[in-house]
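S.K.: Following is a predicted model, sequence given first.
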Amino acid sequence: MKVRAAVLETFGELLAVEELELAEPKAGEVLVRLVACGVCHTDLYTASGADPSGYAPAVLGHEGAGVVERVGHGVASLAPGDHVVTLFSPQCRECLHCRDERTNLCLAIREQQGQGLLPDGTTRFSRDGEPIRHFMGTSTFAEYTVMPEIALAKIDPAAPLDLACLFACGLSTGLGAAMNTARVRPGSTCVVFGAGMVGLGAVAGCRLQGADQIVCADLSEDRLELARGQGATETLVGGPETVEQILELTDGFGADYTFEATGNVHVMRQAVESARMGWGLATVCGVAGKGETLDVIPRLLITGRRIAGSSFGGVKGRDQVPKLIERWLDGEIDVDAFVSHKLTLDEVNRGFELMEAQDGIRSVIEFAG
Ligand SMILES: NC(=O)c1ccc[n+]([C@@H]2O[C@H](COP(=O)([O-])OP(=O)(O)OC[C@H]3O[C@@H](n4cnc5c(N)ncnc54)[C@H](O)[C@@H]3O)[C@@H](O)[C@H]2O)c1
Ligand SMILES: [Zn+2]
Ligand SMILES: [Zn+2]
């Protein structure tokens, strides 16, 4: 079939919205009609050429939600008409990691996904016979995409898809960092560095876990306002003094849980330094630049602080994304507050501009139905 898609042709240049050929889903694959897709930093990171593992030409996009159109041979867990959220972090339910509760990093299709291929080593997108690669196993900047069955979470059809798409990346990452990776205990003190999509999700996750005190630090007053809306009890304008300020707010000890959601290694260090001695856990969500390292004084670790990293919030997508969506539908998470702009697929580059200008939290592309 013919589909319109936003293609990364050349690093550092605008995405080109053009018509591609999309082949039918093969065994274990699903054809999805996209309804909405968020524009996330990782798309821009790859488009800009900053990501050393990037490749082109490829169809970008990974924060998608849509409806199953057709399924390939052997697909049993999904049927046409099902509503789905796309998962750049799949869940095969069979590999060593999927069977272990300690991680969500499924091993099933990592290698092919990293090369922009579907699990059988080929692409479904093409242009005049030339293969066009997939991106993060999702390629959701397209009217339709083909994805592995194990990379789709089936969700409640009552969930509006123009908001549900945020659970495909940023929102689940933040919520999961607090709920899965850190497993914040009720009554705790928490600090979240960064109030973008990921940090705001972490604030909401700390609230859902029953934290008593949730401090959020960001550079933008507007974003701190949003953090208060998600449950932050105190907000700080981030800077060199932030660690001291947090120690003051926590009887000199630091917080039980800290979260970094900025991508800045200096802020990661602040997150470690503002975690409490004895048991403070610093959870790193941000993606640092190539070659950057995290500088930590070892004594902080010997005296009981710990550091954890969190990819997609430790969320096992097919099992847990539907549950997070239920909590939203039950009124426990305010998702509307995150969507600042609605765009068409043709305006995808505008989504990058808005992101660079920090105009709003998320731009969401809506596909004409
Ligand atoms: N681990 C994962 O699976 C995963 C998934 C999605 C995104 N990410 C990463 O998470 C990070 C955050 O993503 P986002 O979409 O929320 O980004 P964002 O740019 O919208 O938000 C980052 C926020 O950090 C704030 N900030 C910058 N410097 C600061 C400082 N010194 N102190 C306090 N706040 C500061 C900015 O003002 C901004 O609001 C990025 O690095 C992104 O690549 C990771
Ligand atoms: Zn993302
Ligand atoms: Zn697996």
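M.R.: Good, I have the coordinates. Residues are numbered from 1 along each chain as shown. Ligands and ions are numbered 1, 2, ... in the order given.
S.K.: Spell out the residue ranges of the strands in the stretch 1-150 of the chain.
M.R.: Assigned by DSSP state E, counting those that start in this stretch, the stretch 1-150 of the chain shows strands spanning 2-8, 16-22, 29-38, 58-59, 63-71, 83-86, 125-127, 130-132, 144-148.
S.K.: Put together CSV for those, with mean neighbour count on each row.
M.R.: Where C-beta positions appear, they are placed from N, C-alpha and C, glycine not excepted. CSV is the format used below for the strands of the stretch 1-150 of the chain (neighbours: other C-beta atoms under 10 Å):
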stretch, mean neighbour count
strand 2-8, 21
strand 16-22, 17
strand 29-38, 26
strand 58-59, 26
strand 63-71, 23
strand 83-86, 27
strand 125-127, 18
strand 130-132, 16
strand 144-148, 26
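S.K.: nearest to Leu107, of those?
M.R.: Proximity to Leu107 (C-beta to C-beta) singles out strand 144-148 among the strands of the stretch 1-150 of the chain, at 13.4 Å.
S.K.: any idea how far the nearest residue to Pro186 once chain neighbours are set aside is from ligand 3?
M.R.: Among residues not flanking Pro186 along the chain, Gly210 sits closest, at 3.3 Å (C-beta to C-beta, 6 or more residues apart in numbering). Plainly put, Gly210 is 31 Å away from ligand 3 if you go by C-beta to the ion, to the nearest Å.
S.K.: before we move on, what about Leu224?
M.R.: Leu224 is 38 Å from ligand 3, by C-beta to the ion.
S.K.: Next: Gly238.
M.R.: On the measure of C-beta to the ion, Gly238 and ligand 3 end up 37 Å apart.
S.K.: and if you look at Val296?
M.R.: 31 Å.
S.K.: any idea which helix or strand carries that residue?
M.R.: Using DSSP states H and E, Val296 sits within no helix or strand.
S.K.: who's in contact with the residue nearest to Ala151 when sequence neighbours are not counted?
M.R.: Excluding its sequence neighbours, the residue lying closest to Ala151 (C-beta to C-beta, 6+ apart) is Pro90, at 4.0 Å. Shown in contact with Pro90 (C-beta atoms under 8 Å, 6 or more residues apart in numbering): Cys106, Ala108, Ile109, Gln113, Gly137, Pro148, Ile150, Ala151, Gly317, Arg318.
S.K.: for Cys106, same thing?
M.R.: Applying C-beta under 8 Å, 6+ apart, the residues contacting Cys106 are Ser89, Pro90, Gln91, Cys92, Cys95, His97, Cys98, Ile150.
S.K.: and the first one, how many neighbours does it have?
M.R.: It refers to Ser89. 25 (other C-beta atoms under 10 Å).
S.K.: mind listing the helices in the stretch 151-300 of the chain by residue range?
M.R.: Under the criterion DSSP state H, counting those that start in this stretch, the stretch 151-300 of the chain carries helices at the ranges 161-164, 170-176, 197-208, 221-230, 242-249, 265-273, 298-302.
S.K.: so which of those comes closest to ligand 2?
M.R.: helix 170-176 (5.7 Å; C-beta to the ion).
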